[in-house]
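J.: need the 3D shape of this:
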Amino acid sequence: MVTTAIAATAGAVPPPTKAKAVNSTPFPTATRRHLFLAATAASTLPSTAVSAATPRFADIPGSGGVKALDLREGSGEVPVDGDQVAIHYYGRLAAKQGWRFDSTYDHKDETGDPMPFVFTVGSGKVISGIEAAVKSMRVGGLRRVIIPPSQGYQNTSQEPIPPNFFDRQRLFTTIFNPTRLANGEGSTLGTLIFDIELISIRQHP
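T.: Numbering: from 1, shown residues only. Down below sits the predicted model:
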């Protein structure tokens with residue numbers, strides 16, 4: 001179930017990064033502690049107080065059903081179409097119990113630092129759910145998004161594409177499994193869970 005996979009990944013927060021891109025500023029990394037405190041409160045507070053304090057996913061307006069939970073609010077600029085953005089992400093597949101199929105934190109440069117994923121907002125090369133999430137973030141922000149199949153991978157050429165061949169094959173053979181699609185499982189096969197960290201914006205001149 002999608003909800004089970006999301007619950008299983010609720011405590012998985014990307015590690016702090018040493019961003020080298022422009023327009024990025026230092027930001028706090030206490031997200032894991034915040035989630036821990038929220039979980040502790042859930043076991044001690046009355047149910048009415050817990051429901052008010054527990055973070056909830058919210059629909060991103062005009063996104064086609066993408067839901068977001070901000071783990072850390074950014075304080076920088078908000079990107080617009082034509083801007084080049086750099087992000088870090090964890091990508092998970094809900095149909096595989098939250099299996100992580102790719103992470104930019106695993107892509108290292110020659111110095112051993114994680115390499116962010118860079119793309120142009122509005123180019124159409126990236127899956128719609130990521131575009132919608134990034135366009136409503138500020139630099140320095142970190143958010144978790146649930147992307148429905150309609151806003152996820154529509155073909156195998158859309159980015160981000162896992163560089164590892166076996167991860168790529170497993171991802172796409174699951175999402176585009178003809179037998180399971182014929183059995184009406186398309187509404188769950190392609191549901192994605194992304195943790196996205198907006199590192200920087202290079203504004204279009």
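
J.: which strand residues bridge the most centrally placed residue in the chain?
T.: Nearest residue to the geometric centre of the chain (C-alpha atoms, centre = their mean): Phe194, 2.2 Å. The partner list for Phe194 in beta bridges (DSSP bridges) reads Gly91, Val145.

J.: ok, the one 4 residues further on next?
T.: Leu198 has these beta-bridge partners by DSSP bridges: Ile87.

J.: residues contacting it?
T.: For Leu198, the residues meeting the contact criterion (C-beta atoms under 8 Å, 6 or more residues apart in numbering) are 74, 76, 79, 85-87, 134, 137-142. For the C-beta atoms, the positions are set from N, CA and C on the backbone; glycine is no exception.

J.: residues in contact with Glu73?
T.: Residues counted as contacts of Glu73 (C-beta under 8 Å, 6+ apart) are Arg138, Gly140, Gly141.

J.: let's see 7 Å
T.: Residues near Glu73 by C-beta atoms under 7 Å, 6 or more residues apart in numbering: Gly141.

J.: for it, give me the pLDDT.
T.: The pLDDT attached to Glu73 in the predicted structure is 94.

J.: follow-up on the earlier one: just flag the most distant two among the contacts of Leu198.
T.: By the measure C-beta to C-beta, Pro79 and Leu142 form the most distant pair in these, at 15.1 Å.

J.: just to revisit the earlier point, which of the contacts of Leu198 fall within helices?
T.: The members of these that map onto helices under DSSP state H are Val134.

J.: give me the buried subset of the contacts of Leu198.
T.: Neighbour-count burial (16 or more other C-beta atoms under 10 Å) applied to these gives Gly74, Gly76, Pro79, Val85, Ala86, Ile87, Val134, Met137, Val139, Gly140, Gly141, Leu142.
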